[in-house]
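Visitor: Give me a model of this one.
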Amino acid sequence: MPALPSVAPWHSGALSVWLLALALLVPGMLPRAWDRDRMIDAAQRLGPEALSGVRQLQSTIAAAQSMPEEARLQAFNRLFNERIVFAEDIDTVGQVDQWASPLELLARGAGDCEDFAIAKYFSLIAAGLPSAKLRMVYVRADLSGNVRAHMVLAYYAQPSAEPLILDNLISEIRPASLRRDLSPVFSFNAEGLWQGTGAQKAGDPTARLSRWREVLAKARAEGFV
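Guide: Residues are numbered from 1 along each chain as shown. Now for the predicted structure:
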């Protein structure tokens, strides 16, 4: 992951501006219903680990559709954090930075922070959560004094609400104000891209982020959107 610039922490006075920036909704691609058969077909092509994983995932998606939204967050956060082992891309695919689709992640059984966040994002959308309530967020994570680039998934119950943070580093979903180790840099979803802690939209994420464009195409092919 490339080095990221220094920014104001999530818990600082910039939080309200950050929330305003993320609350802006840009008309764009909206999720369609997930395709059970297409998921199975894609998993079969990826091998037995993907097929085993997608059966568990589909069972969770079906159950989660009738759950309150925060219970859905818990279900998918737990599924991926328990099933997937953290590993750097260089160790799993031999590349410095590669974004896996949800089924690729299940097939490998290992992935890095982007892979966790992406898999949770698409799974929650498949379970009926609006993509406008979810943001992949690049952050600077302070890991016992070692600051590094990291990605988490943020959930907004309402546009102005404090986000809840889904993270592979810890199993507990916590409000952003309790994640004093994280400082947001930019965020994106299928509908928009926001830079820094300002309110200025930074463009179309599919145009600006080639890896995001690629993983969107793979997720569609796998039946997620």
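
Visitor: Centre-most residue in the chain?
Guide: A117 (2.8 Å; C-alpha atoms, centre = their mean).

Visitor: Give the buried residues for the helix or strand that M151 is a member of.
Guide: With elements taken from DSSP states H and E, the one containing M151 is strand 146-155. For strand 146-155, a neighbour-count test (16 or more other C-beta atoms under 10 Å) marks A149, H150, M151, V152, L153, A154, Y155 as buried. C-beta here means a position set from N, CA and C on the backbone, and glycine is covered the same way.

Visitor: again, but for stretch 39-57
Guide: Buried, per 16+ other C-beta under 10 Å, within stretch 39-57: M39, I40, A42, A43, L46, A50, L51, G53, V54, L57.

Visitor: Longest helix in this protein, by number of residues?
Guide: In the chain, with assignment by DSSP state H, the single longest helix is helix 48-64.

Visitor: Could you pull up the mean pLDDT of that one?
Guide: The average of the pLDDT scores along helix 48-64 is 96.

Visitor: Same question for stretch 177-188.
Guide: Mean predicted lDDT for stretch 177-188 stands at 93.

Visitor: For this structure, give me the ranges with low pLDDT.
Guide: 1-33, 196-203 (pLDDT under 70).

Visitor: Which other helices and strands does the one helix or strand I118 maps to contact?
Guide: Element membership of I118, judged by DSSP H and E, is helix 113-126. Helix 113-126 sits against helix 48-64, helix 69-83, helix 102-108, strand 134-143, strand 146-155, helix 210-221, with contacts defined as 3 or more C-beta pairs under 8 Å, 6 or more residues apart in numbering; DSSP states H and E.

Visitor: Mind listing what's buried along the last one?
Guide: To tie it back to what came earlier, the one meant is helix 210-221. Neighbour count says helix 210-221 has W212, V215, L216, K218, A219, R220 buried, by 16+ other C-beta under 10 Å.

Visitor: got the CA coordinates for it in PDB?
Guide: Extracted C-alpha coordinates of helix 210-221, given in PDB (Å, rounded to 0.1, in the frame of the first residue of the first chain):
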ATOM      1  CA  SER A 210      -8.200   1.300 -11.100                       C
ATOM      2  CA  ARG A 211      -8.100  -1.500  -8.500                       C
ATOM      3  CA  TRP A 212     -11.500  -0.600  -7.300                       C
ATOM      4  CA  ARG A 213     -12.800  -0.600 -10.900                       C
ATOM      5  CA  GLU A 214     -11.300  -4.100 -11.400                       C
ATOM      6  CA  VAL A 215     -12.700  -5.500  -8.200                       C
ATOM      7  CA  LEU A 216     -16.200  -4.100  -9.000                       C
ATOM      8  CA  ALA A 217     -16.100  -6.000 -12.300                       C
ATOM      9  CA  LYS A 218     -15.000  -9.200 -10.500                       C
ATOM     10  CA  ALA A 219     -17.700  -8.800  -7.800                       C
ATOM     11  CA  ARG A 220     -20.400  -8.400 -10.500                       C
ATOM     12  CA  ALA A 221     -19.100 -11.500 -12.300                       C
END
